[in-house]
Every structure is written in structure tokens, then in C-alpha cells.
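**Q** Output the structure for:
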Amino acid sequence: MHDRERAARALADLTGRCAQEPGLAQLRALLARRPIQELLAGVLGASPYLASLIERDPEALQDALSASPEQRFDLLVDRLSSAAEAGSMPAAMRALRLFKSDIALLAASKIVESSLSPEAQRKLVNETIANLPKAAQ
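**A** Next up is the predicted model:
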């Protein structure tokens, strides 16, 4: 269920954080765009998981919104492969957790470019997130 008040608070907090942190200048500019605001209002109000990822690491959201989906995905796969090749199980597990989080944000951020209704977008995001743990096994 979508919580408009939670979404508005989270979006205001994110906007304020972007104004204070120079490293988030690109995200600040993106947040000025109406489609991005609508996407994030939907995500922040409907998905506690994605909201926590965005709050914890807004740079990852900035990265997801700033590159083409293909470029971002390729970069994420390369990072994961490099970590797996390093041979350290703890490093590989950490890389996998980061990969899953980044893929979730990437999937959510690129839905704004689709012609799906907001309800269908939320459903697609939630299904994608629900299937991530299965894909990692």
C-alpha cells in the first residue's frame, strides 16, 4: 500500500540531503525533473526496501539514474565478476549484496521510461525485488 506522507517526507529529506552534499549535485538536478519526482514518490511510498536503499546510499540512485540501463548493468556485472575472481568469500558475498541493491535501484529507476501505469510500475518493481534473492542462489 502506498503511503503518500512517507513518500513526501522521504523525498523532502532526499532533496535536502542533495542540497547539502556536493557529491549529490547531479541527483539534485535530476530531482528537479517531474518524472523523476513521480517515480521516487511512488517508490518511496510503496517500497520500504527501496526507500531504505535510497536513504542509505543516494549515490547509488544517482548512478542508476545517470547512465543508460545497459551501461550501468554492464558496470555492475563487471564489479561483481571482479569481486568473485578475487577469491575472498566475504568480499564476494559483500559484492553480491551490493549488486542486488544496485540492480534493484536500476530496475526501479528505469521503469519511469516505460508506458506502464503507476500501479503496474509498482508491481513490476516489487516483483523484481522479490525475485532477486532467488536469482542469487
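
**Q** how close does the residue nearest to Ile54 when sequence neighbours are not counted get to Asp102?
**A** Ranked by C-beta to C-beta, 6 or more residues apart in numbering and with sequence neighbours excluded, the top spatial neighbour of Ile54 is Leu61, at 5.0 Å. All C-beta spots, glycine's among them, are computed from the backbone N, C-alpha and C. Leu61 sits 10 Å away from Asp102, taking C-beta to C-beta, to the nearest Å as the criterion.

**Q** Looking only at neighbour counts, state which of these two leads.
**A** Leu61 (26 against 22; other C-beta atoms under 10 Å).

**Q** what helix or strand does the more buried one sit in?
**A** helix 58-66 (DSSP states H and E).

**Q** Which elements pack onto the following helix or strand past that helix?
**A** Using DSSP H and E, the helix or strand that directly follows helix 58-66 along the chain is helix 69-85. Counting contacts by 3 or more C-beta pairs under 8 Å, 6 or more residues apart in numbering; DSSP states H and E, helix 69-85 is packed against helix 89-110.

**Q** okay, the angle between the helix it packs on and helix 69-85?
**A** Going by axes from the mean of the first three to the mean of the last three C-alpha atoms, to 10 degrees, helix 89-110 is angled at 170 degrees with respect to helix 69-85.

**Q** Tell me the buried residues in helix 89-110?
**A** Residues 92, 95, 98-110 are the ones in helix 89-110 that count as buried (16 or more other C-beta atoms under 10 Å).

**Q** follow-up on the earlier one: tell me what angle the helix holding Leu61 forms with helix 89-110.
**A** On the basis of the same axes, to 10 degrees, helix 58-66 is oriented at 50 degrees to helix 89-110.

**Q** From Leu106, how far off is the residue lying farthest from the centre of the chain?
**A** The centre of the chain is farthest from one residue, Gly87, which by C-alpha atoms, centre = their mean lies 27.6 Å away. Gly87 sits 27 Å away from Leu106, going by C-beta to C-beta.

**Q** circling back to that earlier point, pLDDT on the helix holding Leu61, on average?
**A** For helix 58-66, mean pLDDT is 91.

**Q** Pull out the buried positions in the helix or strand where Leu50 lies.
**A** Secondary structure assignment for Leu50, by DSSP H and E: helix 48-56. In terms of neighbour count (16+ other C-beta under 10 Å), helix 48-56 has its buried residues at Tyr49, Leu50, Ala51, Leu53, Ile54.
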